[in-house]
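> heads up, no residue letters with this:
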Ligand code: TYD
């Protein structure tokens, strides 16, 4: 495979791993020899409702790693600076080490989820223009919605960062919407995270169906984590299908 040349520690092939810096809901972050970079490992864990529902999903780590790598490449082409350096193995990405901004940006093209509930709207209604919302990253508080003013007053981001993240999230969303549209999939909404590195902001975290809604055009069938949240179908199979659309064929996820 194209990554067989990777001989650094922590490739996941039984070699000694560097220090585990952080364990998330479906990712682990390891230190690397380079203090400015980390290894992001995608696991097979699926969680929903702030991890009150969890399961192991076959191949999810490989699939989300491959999807994320491909989508970061796409948004990079659209001019968005991001944290991905390169893919190291089927489950591992080498990324710039950043300090994550404690707010998430959600961009919505079509009404769904909490937006539908909050405003009493019908799911599936296309919005006249993309809507940007902010959520405060706090598991203890279940990631509450936060307004611009509160976000700035509480020091979660600087004014220039808010403006930068708004524009970068919209550019990212537009690029991904166009890519998915070419593949017969509607990008309904998505969550983006940014990180600080030496005074600049990079698009960070992951670009996967765990953090976005993707509906098959025509049928409206969800191809994202709602399948797991609502027990609609087999998540592993759904993610495999999405992966095949994006990267062509089931083999690409496994690296076989
Ligand atoms: P949203 O509709 O606000 O929440 P829910 O998924 O509970 O209905 O979510 C909008 C999109 O952003 C959706 O694709 C899921 C994603 N998202 C996350 O991945 N994590 C989060 O913490 C939030 C708030 C949203």
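Looks like it arrived, so ask away. Just so it is clear, the model here is predicted, and its values are computed rather than measured.
> How about the residues of the stretch 151-256 of the chain by the ligand?
Within reach of the ligand by Cβ under 6 Å from any ligand atom, the stretch 151-256 of the chain has these residues: 189-191, 211-213. Every C-beta, even on glycine, is put in place using the N, C-alpha and C of the backbone.
> In the stretch 1-150 of the chain, which residue sits nearest the ligand?
residue 113 (2.2 Å; Cβ to the nearest ligand atom).
> May I have the phi/psi pair for that residue?
phi 60, psi -130 (degrees, to the nearest 10).
> Show me what counts as buried in the helix ranked longest in the chain.
Scanning the chain for the helix with the most residues, using DSSP state H, yields helix 159-182. Residues of helix 159-182 classed as buried: 161-162, 164-165, 168-170, 172-177, 179-180 (neighbour count, 16 or more other Cβ atoms under 10 Å).
> My reading is that residue 69 is in a helix; is that accurate?
Yes - counting by DSSP: H, G, I helix; E, B strand; the rest coil, residue 69 is found in a helix.
> Leaving out sequence neighbours, find the closest residue to it.
residue 87 (4.6 Å; Cβ to Cβ, 6 or more residues apart in numbering).
> what distance separates whichever helix or strand that neighbour is part of from the centre of its chain?
Secondary-structure element containing residue 87, defined by DSSP states H and E: strand 84-89. Taking Cα atoms, centre = their mean, to the nearest Å, the mean C-alpha location of strand 84-89 is offset from the chain mean by 15 Å.
> Can you name the next helix or strand after that strand?
strand 92-96.
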